[in-house]
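A.B. asks: I would like to see how this sequence folds:
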Amino acid sequence: MMKKVMFAVLLCMPLLARAEGDNIKLDSVQVNVEDKLSLQRGARVFVNYCVGCHSASFMRYSRLEDLGLTEKQIVNNLMVTGDKPVETMTAALRRDDAKAWFGTAPPDLTLVARSRGADWLYTYLRGFYRDPSRPTGWNNTVFHNVGMPHALWALQGQQVLKDTGAKDAEGHAEMQLVLEKPGKLTPVEYDALVKDLVNYLVYMGEPDQTKRKITGIFVLFFLAGLTVLAYYLKKEFWKDVH
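C.D. replies: Just a heads-up that it's a prediction; the model follows:
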C-alpha cells in the first residue's frame, strides 16, 4: 500500500509543479530565430556570461556559422572552451566545484527554452533581486530560493523587492521589483540584451527549426498537388462505371 501511495505522489508531482508555475505572472517576449544579428548578439552574451557554469552539450561552436559568422570569428571571439569549432559548448566550471559552491551542478542549457519557454526565461533573467538570507545573496521572483547567483548583475544593476502597500485578491502583500543600484546598461538596454539571449536559447534548442518549417510548407504544397492529381486520376479510372 505504501509503495502505491508513493507512486501516486510521484505521478502528481509534475502536475503540482506546473500548477505552481502557472500562478507566476510571466512577461511576454517576441523572439525571432530568423534575426541573425539578434542571434549573434545572444550567442556573444551566452559564451561570455553563461558557458562559465552552464554547458550546451548538444550545440557545437561550428553551428554558429549558420548565423553568418566565419570560423575565424568564432574561434577568436566566441570560443571560451574547447580547442576546435566542432567541439560542443562545455562549461568551464567543474561539476564537483559547482556542487560544493551552489549545492547542485548547473543544468545543461541546450534544451532549456523548449522545457521552460521563452516567456519564462525572459522573466527569470529580469527577476533577480538582492536577498541577504540566500547563500549567494540573490533570489528570483520566478524561481524562489534559486541557487544561481545573478550572473548579469553588473549589466542590470541591483534590484530589491519592496512592498507596494497593496493586497492581491487573496489578501497577500503585492511586491514590486525596484532598481536600487543601476548597472552598466539602462533598463531598456538590459531588456534588449536579455531578449537577444533568450532568442539564442530558443534557437539553440532546435537550430534547424527554420529549415523544418520551410520543408513543412513545401510538403503541404506537394500533398495538395498530389491530392488534386489523385482526384482527377480517380475520375479517369471510374468514368465508365455507372
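A.B. asks: ranges for the strands of the protein?
C.D. replies: Counting by DSSP state E, residue ranges of the strands within the chain are 56-60, 88-89, 128-130, 138-140, 157-167, 173-182.
A.B. asks: ok, residues contacting the last one?
C.D. replies: Yep, that's strand 173-182 we're talking about. Residues outside strand 173-182 that contact it (CB atoms under 8 Å, 6 or more residues apart in numbering): 127, 129-130, 141, 156-168, 187. Quick note: C-beta positions are derived from backbone N, CA and C, even for glycine.
A.B. asks: Likewise for the third one?
C.D. replies: Strand 128-130 is contacted by residues 137-141, 150, 152-153, 156, 158-161, 177, 180 when judged by CB under 8 Å, 6+ apart.
A.B. asks: Equivalent analysis for the shortest one, please.
C.D. replies: Contacts made with strand 88-89 from outside it, assessed by CB under 8 Å, 6+ apart, are listed as 47, 51, 55, 56, 57, 58, 59, 60, 61, 81, 82.
A.B. asks: Tell me the strands beside that strand, with direction?
C.D. replies: With DSSP bridges as the test, strand 88-89 is paired with strand 56-60 (antiparallel).
A.B. asks: Mind checking the pLDDT average for the strand it pairs with?
C.D. replies: Throughout strand 56-60, pLDDT has a mean value of 92.
A.B. asks: how's the protein carved up into domains?
C.D. replies: Domains of the chain are assigned by automatic domain parsing as 26-207, 211-242.
A.B. asks: And these, which one averages the lowest pLDDT?
C.D. replies: Mean pLDDT is lowest for domain 211-242 among those, at a mean of 84.
A.B. asks: Would you mark the buried spots in it?
C.D. replies: For domain 211-242, the neighbour count (16 or more other CB atoms under 10 Å) marks no residue as buried.
A.B. asks: next one: stretch 54-61
C.D. replies: Buried, per 16+ other CB under 10 Å, within stretch 54-61: 54, 55, 56, 59, 60, 61.
A.B. asks: Equivalent analysis for stretch 163-183, please.
C.D. replies: residue 183.
A.B. asks: measure that stretch end to end?
C.D. replies: 22 Å (CA to CA, to the nearest Å).
A.B. asks: just stretch 144-153 next, same as before
C.D. replies: Termini of stretch 144-153 sit 17 Å apart (CA to CA).
A.B. asks: For that stretch, buried residues please.
C.D. replies: 146, 148, 149, 150, 151, 152, 153.
A.B. asks: same check, this time on stretch 32-44
C.D. replies: Going by 16+ other CB under 10 Å, stretch 32-44 has these buried residues: 33, 38, 39, 40, 41, 42, 43, 44.
A.B. asks: Helices - which of those land there?
C.D. replies: 38, 39, 40, 41, 42, 43, 44 (DSSP state H).
A.B. asks: Can you give me the distance of the third one to residue 59?
C.D. replies: Separation of residue 40 from residue 59 (CB to CB, to the nearest Å) stands at 15 Å.
A.B. asks: coming back round to it: kindly indicate which of the contacts of strand 128-130 lies nearest residue 92.
C.D. replies: Each of the contacts of strand 128-130 was scored against residue 92 by CB to CB, and residue 152 proved nearest at 17.1 Å.
A.B. asks: Count residues in the vicinity of the nearest residue to the closest one once chain neighbours are set aside, would you?
C.D. replies: Among residues not flanking residue 152 along the chain, residue 49 sits closest, at 6.0 Å (CB to CB, 6 or more residues apart in numbering). Neighbours of residue 49 under the rule other CB atoms under 10 Å: 16.
A.B. asks: Repeat that for residue 86.
C.D. replies: Residue 86: 10 neighbours (other CB under 10 Å).
A.B. asks: what's the answer for residue 26, then?
C.D. replies: 17.
A.B. asks: Now for it: which residues touch it?
C.D. replies: Residue 26 touches 117, 119, 120, 122, 123, 142, counting by CB under 8 Å, 6+ apart.
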